[in-house]
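# Test case, fold it:
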Amino acid sequence: MTRLSVNINKIATIRNARGGNNPDVIRMALDAERFGAQGITVHPRPDERHIRYSDVTELAAVVTTEFNIEGYPDERFLNLVTRVRPAQVTLVPDAPDVITSSQGWDTNRNAEFLTEITKKLKDCGIRVSLFVDPSEQMVDGAAAVGADRVELYTGPYAYQYHENPASAVEKYVTAANRAKQAAMGINAGHDLDLNNLRFLKNSIPFLDEVSIGHALVCDALYYGMENTIQLYRRQLL
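Model prediction:
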């Protein structure tokens with residue numbers, strides 16, 4: 001089964017736009033679980049423009065499904081995740097000022113750094129996933145530094161999907177097979193939606209988890225959150 005982890009960053013963006021606590025991020029996470037989400041994902045950025053570090057602490061106390069925290073492993077981030085100890089940490093190579101994740105790690109160039117961070121997290125009992133481009137070389141590098149999983153950056157897949165689905169997914173299938181051969185788990189995320197998700201899942205049937213936020217929250221404006229989560233779950237059957 002491919003698990004659906006709901007990224008609630010956009011819920012926090014709406015809250016922060018007006019101040020106060022509407023919508024309530026914690027309540028939305030619990031509702032998402034009740035509606036069928038099999039995990040909750042957050043990505044606290046240094047400027048806290050959506051999820052705040054305080055949100056992460058509160059969420060860690062109440063989330064009962066898999067809690068996945070994404071982020072760049074600077075000192076503040078590492079202090080947070082080693083304190084709350086989520087099920088999974090997904091390391092991303094984002095610069096502080098980027099709008100959203102737009103590339104994966106160069107796992108070979110950053111091998112020494114990633115090896116040290118990965119060991120530190122695994123020593124705390126945290127599963128480590130590395131956000132990577134669909135490249136056999138980058139997957140091999142992730143395995144070499146000790147990562148448990150890779151999260152394939154699916155932005156290019158989503159962009160190319162409408163023109164040629166088979167061509168768009170080809171590199172992802174190759175990279176996923178390489179990760180499977182290395183006994184690593186395979187996650188995927190970025191720009192996945194109700195149009196392109198099923199094809200990705202069918203092309204990589206052993207996909208462990210997808211993390212979806214922006215498109216899912218947008219769809220929820222039309223369909224409602226409970227119905228939307230179920231729509232996404234059905235794409236993964």
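# Would you check that Ala182 makes contact with Val145?
No. Using Cβ atoms under 8 Å, Ala182 is not in contact with Val145, being 11.6 Å away. For every residue, glycine as well, the C-beta is placed using N, CA and C.
# ok, the two, which is more surrounded?
Val145 (22 against 14; other Cβ atoms under 10 Å).
# For that one, give its distance to Gly36.
34 Å (Cβ to Cβ, to the nearest Å).
# Name the SS class of the residue nearest to the spatial centre of the chain, please.
Centroid-nearest residue in the chain: Ser211, 4.2 Å away (criterion: Cα atoms, centre = their mean). Under the three-state scheme (DSSP: H, G, I helix; E, B strand; the rest coil), Ser211 adopts strand.
# residues in contact with it?
Ser211 sits next to 5-7, 39, 41, 68, 70, 90, 151, 187-189 when contact means Cβ atoms under 8 Å, 6 or more residues apart in numbering.
# Please apply the same query to Gln235.
Gln235 touches 194, 197-198, 201, counting by Cβ under 8 Å, 6+ apart.
# For ChimeraX, write the selection for the buried entries among the contacts of Ser211.
Here is the ChimeraX command that picks out the buried ones among the contacts of Ser211, judged by 16 or more other Cβ atoms under 10 Å:
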select :5,6,7,39,41,68,70,90,151,187,188,189
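# could I get the contacts of Ser211 as JSON lines with pLDDT and secondary structure?
Shown next, in JSON lines, are those (pLDDT from 0 to 100; DSSP: H, G, I helix; E, B strand; the rest coil):
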{"residue": "Ser5", "pLDDT": "98", "secondary structure": "strand"}
{"residue": "Val6", "pLDDT": "98", "secondary structure": "strand"}
{"residue": "Asn7", "pLDDT": "98", "secondary structure": "strand"}
{"residue": "Gly39", "pLDDT": "98", "secondary structure": "strand"}
{"residue": "Thr41", "pLDDT": "98", "secondary structure": "strand"}
{"residue": "Asn68", "pLDDT": "98", "secondary structure": "strand"}
{"residue": "Glu70", "pLDDT": "97", "secondary structure": "strand"}
{"residue": "Thr90", "pLDDT": "98", "secondary structure": "strand"}
{"residue": "Glu151", "pLDDT": "98", "secondary structure": "strand"}
{"residue": "Asn187", "pLDDT": "98", "secondary structure": "strand"}
{"residue": "Ala188", "pLDDT": "98", "secondary structure": "strand"}
{"residue": "Gly189", "pLDDT": "97", "secondary structure": "strand"}
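# The contacts of Ser211 into TSV, with extra columns for distance to Arg49?
Shown next, in TSV, are those (distance: Cβ to Cβ, whole Å):
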residue	distance to Arg49
Ser5	21
Val6	19
Asn7	14
Gly39	22
Thr41	16
Asn68	19
Glu70	14
Thr90	18
Glu151	21
Asn187	24
Ala188	24
Gly189	19
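# and which of the contacts of Ser211 is nearest to Ala220?
Val6 (9.8 Å; Cβ to Cβ).
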